[in-house]
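# Give me a model of this one.
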Amino acid sequence: DDVEIPLTRREYKLLVHLLEQPGEVKSREDIIEMLDFPTGDRRTVDVHIRRLREKIEDKPSVPKWIKTKSGLGYYFNQHAYAASYS
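Numbering: from 1, shown residues only. You can find the predicted model right below:
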């Protein structure tokens, strides 16, 4: 809706990383490496995903854009865009 949403540097990097290959599941390990975390804390990824969802999702607890693939990681739902305009 042409609304500017302020993101931290890491949130922006994470969103771009997911958008570069929509539909492709990114593991927590892949995200840790991409964000260059000093420690390999997998839960830190979950916190960043949650904060990003809180900023871009209408209902962060029921996300339509950033989805979880249980046990594997996260992906950007490329089908949400078409569904939001139908």
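# just so I have it, where are all the helices in the chain?
Applying DSSP state H to the chain gives helices spanning 9-20, 28-35, 42-56, 79-84.
# tell me the mean pLDDT for the first one?
In other words, helix 9-20. Here helix 9-20 scores 96 as its mean pLDDT.
# on contacts alone, who are the packing partners of it?
If you count contacts as 3 or more Cβ pairs under 8 Å, 6 or more residues apart in numbering; DSSP states H and E, helix 9-20 packs onto helix 28-35, helix 42-56, strand 73-76. C-beta here means a position set from N, CA and C on the backbone, and glycine is covered the same way.
# Can I get the helices of the chain in TSV including mean neighbour count?
Shown next, in TSV, are the helices of the chain (neighbours: other Cβ atoms under 10 Å):
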stretch	mean neighbour count
helix 9-20	16
helix 28-35	16
helix 42-56	16
helix 79-84	11
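# Which one, of these, ends up nearest to residue 69?
Minimum separation from residue 69 across these (Cβ to Cβ) falls at helix 28-35, 11.1 Å.
# Report the angle between the closest one and helix 9-20.
For helix 28-35 against helix 9-20, the angle by axes from the mean of the first three to the mean of the last three Cα atoms, to 10 degrees is 120 degrees.
# can you list the residues that contact helix 28-35?
For helix 28-35, contacts defined as Cβ atoms under 8 Å, 6 or more residues apart in numbering pick out 10, 13-14, 17, 26, 40-42, 44-46, 48, 73-74.
# picking that back up, including distance to residue 63 and mean pLDDT, could the helices and strands packed on helix 9-20 go into a markdown table?
Formatted as a markdown table, the helices and strands packed on helix 9-20 follow (distance: least, Cβ to Cβ, whole Å; pLDDT from 0 to 100):
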| stretch | distance to residue 63 | mean pLDDT |
| --- | --- | --- |
| helix 28-35 | 16 | 92 |
| helix 42-56 | 5 | 93 |
| strand 73-76 | 9 | 97 |
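# right, and the ones you listed - which one's nearest residue 6?
Using Cβ to Cβ, the nearest of the helices and strands packed on helix 9-20 to residue 6 is helix 42-56, at 7.9 Å.
# what's in contact with that closest one?
5-8, 10-11, 14-15, 28-29, 31-32, 35, 37, 60, 63, 65-66, 68, 74.
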